[in-house]
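> no FASTA, just this:
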């Protein structure tokens with residue numbers, strides 16, 4: 001795992017199409033594959049992929065203080081304004097922007113996500129910021145691990161913060 005030191009950035013609001021899930025998602029790689037395939041297949045059928053397309057996961061609540069079966073997750077793809085979201089399983093949402101602690105990470109595989117999250121959460125606790133629970137946290141995916149020569153996951157982990 002290779003991580004850069006987190007820094008606070010202003011992230012923009014994002015219009016996304018997403019698939020929502022509620023229950024324990026921690027470490028469930030098959031669940032994430034299913035959700036990403038669902039939203040990706042939907043977007044592909046609509047011809048929505050472009051150089052600006054971003055895949056991300058939006059974590060609505062914090063596993064540290066939420067019962068595991070009540071955890072909420074949205075697996076998302078950015079979409080252009082005016083996109084017709086006409087599927088019963090796909091929702092349109094505006095994900096809030098604002099101040100986020102952002103850590104760029106290159107992970108060798110899914111087991112390293114937890115360690116990376118622990119690093120950025122610890123960084124926030126030691127900083128002049130605190131977690132802003134009114135906004136979700138994100139993982140922004142910067143590559144397709146299947147296309148990486150070593151199958152690495154390149155992500156930005158974004159924790160909503162306030163001073």
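Sure thing, it's come through. It should be emphasised that the depicted structure is a prediction, and the values quoted were computed from it without experimental measurement.
> in this protein, which helix is the longest?
helix 29-45 (DSSP state H).
> so what touches that helix?
17-19, 21, 25, 49, 53, 55, 57, 73, 75-77, 79, 87, 89-90, 110 (CB atoms under 8 Å, 6 or more residues apart in numbering). Any C-beta I mention is one placed from the backbone N, CA and C, and that applies to glycine too.
> repeat that for 7 Å
For helix 29-45, the surrounding residues in contact (CB atoms under 7 Å, 6 or more residues apart in numbering) are 17-19, 21, 25, 49, 55, 75-77, 87, 89-90, 110.
> just the buried positions in stretch 39-52, please.
39-40, 42-43, 46, 48 (16 or more other CB atoms under 10 Å).
> closest one of these to residue 66?
Nearest to residue 66 out of the buried residues of stretch 39-52 is residue 39 (CB to CB; 23.1 Å).
> can you pull the pLDDT of that closest one?
On pLDDT, residue 39 comes in at 97.
> roughly how far apart are it and residue 55?
The gap separating residue 39 from residue 55 is 8 Å, by CB to CB, to the nearest Å.
> overlap in contacts, those two.
Common neighbours of residue 39 and residue 55 (CB under 7 Å, 6+ apart) are residue 77.
> the longest helix of the chain: how far from the chain's middle?
14 Å (CA atoms, centre = their mean, to the nearest Å).
> same check on stretch 144-163?
For stretch 144-163, the distance to the chain centre is 8 Å (CA atoms, centre = their mean).
> contacts for it next, please.
8, 11, 98-109, 116-117, 120-121, 124, 128-132, 135-143.
> do the same with stretch 87-99
By CB under 7 Å, 6+ apart, stretch 87-99 touches 8, 10-20, 38-39, 42, 58, 74, 85, 135-136, 160-162.
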